[in-house]
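1. What shape does this take:
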Amino acid sequence: MTSEPIIDEARALVAAGKSPDWKELRDRIRALGGDQRDALRRLERVGAVHRARASAPAAPIAPAPRPQLFRSRATITGNMDVRREGESTLAWRGEAKVTAWEIRISERPDPRGDYELREAGELPGDATSVELPLGETPLRVHLLGRDRGGRLVRRTIVSGLTRETWGDRWQRRASAS
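-> Alright, predicted model coming up:
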């Protein structure tokens, strides 16, 4: 008789998640007589597999958390103050010198790409707010106030506006003007 059935029995018990009686299996292999060192080494390897499985966590390993997409913080630059009103209205104080407001709204579909012009228009000088088309992609809003001669009097740029960042605190950046 060979030691193969005994080793197969140990493998089957380990595969089923049971703990074999290792002493009893070694005694049965030794009882076969002859040089059984190779069979005992193979039984020891089966035992090593059993110990490794027993030391592994019982619960399945949870998948690694998905990295969050880049979330930019809304920033504001310029020589005038703007504020939020409601769900998506950008508001500012009126300026007597301004006869027309130029507005440009750009969108950034790719976090690594540049802002692309989405819409541009002009508002009368007495306008003090504009409704923004907030969504998932970040917007950049250029608001430029010009006097009768077309000279730039007031300006602000708000970048990184989304529906998600609308309620967050905006970061003020230094302006050269």
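2. Report the distance from stretch 130-148 to the chain centre.
-> Relative to the mean C-alpha coordinate of its chain, stretch 130-148 is positioned 27 Å out (Cα atoms, centre = their mean, to the nearest Å).
3. Can you give me the buried ones in it?
-> 130, 132, 134, 137-147 (16 or more other Cβ atoms under 10 Å). For every residue, glycine as well, the C-beta is placed using N, CA and C.
4. among those residues, which two are most distant?
-> Farthest apart among the buried residues of stretch 130-148 by Cβ to Cβ are Thr137 and Asp147. That separation is 33.5 Å.
5. Contact partners for Leu13?
-> 19-20 (Cβ atoms under 8 Å, 6 or more residues apart in numbering).
6. That one belongs to a helix?
-> Yes: counting by DSSP: H, G, I helix; E, B strand; the rest coil, Leu13 is part of a helix.
7. From Arg42, how far off is it?
-> According to Cβ to Cβ, to the nearest Å, Leu13 and Arg42 sit 15 Å apart.
8. do the same with Ser19
-> Summarising the geometry, the distance separating Ser19 from Arg42, computed by Cβ to Cβ, is 18 Å.
9. Same list (the buried residues of stretch 130-148) but as CSV, adding pLDDT.
-> Formatted as CSV, the buried residues of stretch 130-148 follow (pLDDT from 0 to 100):
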residue, pLDDT
Val130, 95
Leu132, 94
Leu134, 93
Thr137, 90
Pro138, 92
Leu139, 94
Arg140, 95
Val141, 96
His142, 96
Leu143, 96
Leu144, 96
Gly145, 95
Arg146, 95
Asp147, 95
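10. Out of the residues you listed, list just those in strands.
-> When DSSP state E is applied, the buried residues of stretch 130-148 are split such that 130, 139-146 fall in strands.
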